[in-house]
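Participant: give me a 3D structure for the following:
(chains A and B)
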Amino acid sequence: MALLTRQERRHFPDWDDPSQCIFHRVTVDLDKCDGCKLCTLACPANVLEQYGDKGKKKVRVKADARGCISCNNCYAICESGAIQATRHYDFVGYYRRFGRGEFAKPRMF
Amino acid sequence: MAEGTARVLAVEDPEEVEQEAGRSSQIPVVPEGAEWNAVERVMLQRRSIRKYRKAQVPAHLIRRLLEVARFAPSQGNCQPWKFIVVRDPDMIRGMEDFCVGQCRKVSNAFDYATLPAGSLKYRIARIKAKLFGRLQPNVLHPVPVSAVTAIAQGRFAVFHRAPTLILILMDKRGVGIPPVDIGICGTHIVLAARSLGLGTCWVGFSKLLNESREWCERLGVEPPYEVAEAITVGYPVGDTTHMIPRETHEIVWFESGKKQILY
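Facilitator: Modelled structure (predicted):
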């Protein structure tokens, strides 16, 4: 028994259909975000941008963003703990992912 | 000969061997819930760094990284790697330009997501993408394709404007599965770099350089070697060492005749 059905193996998801290529958006806590822009530099998928007036700048996910890989590089670089990815990306069909649990920081055993 | 064999068989219990040699060593005990040790911390704090400070990394630190790489495990101890270090900004920029050009070609040919939906161009690109995707499912994966387009549109740099670039060449005649050895070797480099306060990023797109006769000649990449991976090295912008949350994975665990699923 294979994990993918025959139909799934043949289905290559449409890159422009968010219901087939499921990239999640990072959550930004606007109360904590100081608009320092470091996360926009660290993001490998180039999905973050700075916005707002001078002195009150914040960071947000771009409207046409595609391809956040939930790497949490933004989380790693953020000094104020304002940004975080909480779910991994997934696909419909051939690239469907298996056996993923909840997000967790390194756990000591 | 026969006598020697008999002796080896007689002492094959490793604990007996230790005792015979008079150095029965203790098993180290790490208590449950112990703090991360230095190596674990380095592993957990390593991130892929894509924004570097302009300052060049001292040459002796790069030598140090390559020295650690030399001692990476490889199948049959075949060490199927060769390193090329590039620290001339003009050269790195030249390689960048070449790779951007290749990404443009791939993006234009396949990435229908950038085209107006339903147009003829869109439909042609989509058919090509689905067809080639079947042949090269790892290359035309949705994730690298959006990176290719980002590079083509100038939103993303291939080599991240890093001051030093280490190209890892692979001897295709290596024992077993040489790409695995390249991965292990590079892992030595990136972890050692993190421990020295340096940032690194794996650049798989460096493989595009194999398609350039000019760059292969200039860099001295010739069969049986090929560019397998590249690692950018530099001082990171910002403090990237906060440990991050990441998804857990299913673990299948067999013990005492039972099967458990852990996360």
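
Participant: so where's the chain uncertain?
Facilitator: Reading this off chain A. Counting by pLDDT under 70, the low-confidence segments of chain A come to A:1.

Participant: please refer instead to chain B.
Facilitator: Judged by pLDDT under 70, chain B has its weakly predicted residues at B:1-11.

Participant: any chance you could map the strands in it?
Facilitator: B:81-86, B:164-171, B:199-203, B:225-234, B:246-249, B:251-255, B:258-262 (DSSP state E).

Participant: to chain A, which of those lies closest?
Facilitator: Each of the strands of chain B was checked against chain A via Cβ to the nearest Cβ, and the shortest separation belongs to strand B:246-249, namely 3.5 Å. For the C-beta atoms, the positions are set from N, CA and C on the backbone; glycine is no exception.

Participant: which other residues reach the closest one?
Facilitator: A:70, A:72, A:87-88, A:99-104, B:263 (Cβ atoms under 8 Å, 6 or more residues apart in numbering or on different chains).

Participant: just the ones of those in helices?
Facilitator: Using DSSP state H, no member of the contacts of strand B:246-249 falls within helices.

Participant: derive a ChimeraX selection command for the buried subset of these.
Facilitator: The buried subset of the contacts of strand B:246-249, as determined by 16 or more other Cβ atoms under 10 Å in any protein chain shown, is captured in ChimeraX by this line:
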select /A:70,72,87,88,103
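
Participant: wait, isn't B:Val227 in contact with B:Lys207?
Facilitator: Yes. When contacts are counted by Cβ atoms under 8 Å, B:Val227 is listed as touching B:Lys207 (5.7 Å).

Participant: and those two? Which one has more around it.
Facilitator: A direct count of neighbours by other Cβ atoms under 10 Å in any protein chain shown for B:Val227 and B:Lys207 places B:Val227 higher, at 24 against 17.

Participant: quick one, phi/psi of residue 32?
Facilitator: No chain was given, so I picked chain A. Reported as degrees, to the nearest 10, the phi and psi values for A:Lys32 are phi -90, psi -30.

Participant: other chain: chain B
Facilitator: Main-chain dihedrals, B:Glu32, degrees, to the nearest 10: phi -60, psi 140.

Participant: which residues sit in contact with it?
Facilitator: Listed by Cβ under 8 Å, 6+ apart, the contact partners of B:Glu32 are A:Phe109.

Participant: and if you look at B:Thr164?
Facilitator: When contacts are counted by Cβ under 8 Å, 6+ apart, B:Thr164 is found next to B:56-57, B:62, B:85-87, B:232-234.

Participant: adding neighbour count, write those out as TSV.
Facilitator: Supplementary listing: those in TSV, determined by neighbours: other Cβ atoms under 10 Å in any protein chain shown:
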residue	neighbour count
B:Gln56	14
B:Val57	22
B:Ile62	20
B:Val85	14
B:Val86	19
B:Arg87	16
B:Thr232	25
B:Val233	26
B:Gly234	24
